[in-house]
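> Using only what follows, build the 3D model:
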Amino acid sequence: MPHDHHDHDPLEEGAALRVRALEELSVAKGLVDPAALDAIVEYYERETGPRNGAAVVARAWSDPAYRDWLLRDGTAAIADMGFTGFQGEHMRVVENTEEVHNVIVCTLCSCYPWPVLGLPPTWYKSAAYRARVVREPRAVLAEFGLELPETTEIRVWDSTAEIRYLVLPRRPAGTDALDADALAALVTRNGMVGTAAL
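Numbering: from 1, shown residues only. Sure, this is the predicted structure:
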């Protein structure tokens, strides 16, 4: 039986390509309903994801008591905003300061806090990122466009099946008049992973 040709994104390779092939085969064989797959993907793209994390960050920037709670018990403080579920059961939040910049990785696989950051980006799952950010974090951050002073300590946090991390970026100067929605709009996924300042 001839193999149907499928065009694949040139960025898809390795495991990502295999997952896509399995998905296509499962749908073609009637084992999986494509509407159900779409609903799952949409849930993680729209109902969870970076906008949830940005809301957490904005609240922490605006509410010192919440910020203290978030740093003391990330799981409970994040759950208080309704962001819970698979891959977010045990959260620890680490705060960027003038002296310290934090960055997150999962060296063993790709553990990632889905309820607050959504689906992990391809680069987060790549072997190159997972290996290099531990050995040469300053160089990796520079490749993301984040140049930090030599005096800034970089701390790399390794997520595991037991604990996920979220970076609390530094609040930008001149944002005192902004409301929670405007503050949240400043925050990016990469900022909450630590590969960007915001």
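> gap between Ala185 and Gly191?
Using C-beta to C-beta, to the nearest Å, we find Ala185 at a distance of 12 Å from Gly191. From N, CA and C alone the C-beta is placed, and that goes for glycine too.
> The two: which has the busier surroundings?
Neighbours per residue, other C-beta atoms under 10 Å: of Ala185 and Gly191, the larger number sits with Gly191, 22 against 12.
> pLDDT averaged over the host helix or strand of the more buried one - what is it?
If you go by DSSP states H and E, Gly191 is part of helix 189-193. Averaging pLDDT along helix 189-193 yields 96.
> likewise stretch 35-55?
This predicted structure assigns stretch 35-55 an average pLDDT of 73.
> Against Phe83, how distant is the most centrally placed residue in the chain?
For the chain, the residue nearest the mean C-alpha position is Leu117 (4.2 Å; C-alpha atoms, centre = their mean). Between Leu117 and Phe83 the distance is 10 Å, computed by C-beta to C-beta.
> Next: Tyr124.
Taking C-beta to C-beta as the criterion, Tyr124 is separated from Phe83 by 19 Å.
> same check, this time on Glu147
Glu147 is 31 Å from Phe83, where distance means C-beta to C-beta.
> Between those two, point out the one with more neighbours.
A direct count of neighbours by other C-beta under 10 Å for Glu147 and Phe83 places Phe83 higher, at 20 against 10.
> Specify the local secondary structure of that one.
coil (DSSP: H, G, I helix; E, B strand; the rest coil).
> before we move on, back to that, OK, contacts around the residue nearest to the centre of the chain?
Residues near Leu117 by C-beta atoms under 8 Å, 6 or more residues apart in numbering: 49-50, 52-53, 166, 189, 192-193.
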